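Asks: Sequence first, then the predicted structure, then my questions.
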Amino acid sequence: MKADKLWEEFCRATGTDEACEYEAWAFGDAPDKLADLVLRGIKTATASAYDFYAADGEPLPKVGEYSVILDSHDDAVCVIRTTRLEVVPFGKVSERHAYLEGEGDRSLAYWRKVHEDFFRRECEEYDGIEFDENFNVLCEKFECLYRASDIKN
């Protein structure tokens, strides 16, 4: 199912105004695995590189915004809404946030390992943005509001 179709179904089922804006996107390195964690209620947070938004000319997410989460085939799997945003240095990301991201063993050590690897690779594509412990991370909490599997045929 495509993002616009899931959005229409979500709006119809929940009474949300279809004119509301949403972004459709997939999680970084493992979109299918991470989307599945959202669907299972395990993943309720994510992290992104704060400085990449300005470098790419993209607006920062806002609390209350909707997103349609895509899998690796650009199929829509669910609708989420951002509930909290916080910018923190990489070295100050909390154990709680790592746990809410739901990946691996949900520990901060695991989170740091996989995210440092990911951010280092991504930084290679940007002039003047280098990874270190003070690298700004946008920590986002969200709630899953609607799943593609919720649609009644």
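Replies: All right, it came through fine. Keep in mind the model is a prediction, meaning the values are calculated, not measured.
Asks: is it true that residue 45 touches residue 97?
Replies: Yes - if you go by C-beta atoms under 8 Å, residue 45 and residue 97 touch, sitting 5.8 Å apart. Bear in mind the C-beta positions are built from the backbone N, C-alpha and C, glycine included.
Asks: Now for these two: what residues contact both?
Replies: The contact sets of residue 45 and residue 97 overlap at residue 139 (C-beta atoms under 8 Å, 6 or more residues apart in numbering).
Asks: Which residue comes closest to the residue most central in space within the chain once chain neighbours are left out?
Replies: Nearest to the geometric centre of the chain sits residue 46, at 4.6 Å (C-alpha atoms, centre = their mean). Distances taken as C-beta to C-beta, 6 or more residues apart in numbering put residue 140 closest to residue 46, at 5.2 Å, once the chain neighbours are dropped.
Asks: The one you found - how many residues pack around it?
Replies: Neighbour count for residue 140, taken as other C-beta atoms under 10 Å: 24.
Asks: Would you mind measuring from it to residue 88?
Replies: 11 Å (C-beta to C-beta, to the nearest Å).
Asks: do the same with residue 147
Replies: The value you get for residue 147 to residue 88, if C-beta to C-beta is used, is 30 Å.
Asks: Whichever strand in the chain runs longest pairs with which strands?
Replies: The single longest strand within the chain, with elements called by DSSP state E, is strand 76-89. Paired neighbours of strand 76-89 in the sheet (DSSP bridges): strand 66-70 (antiparallel), strand 136-147 (antiparallel).
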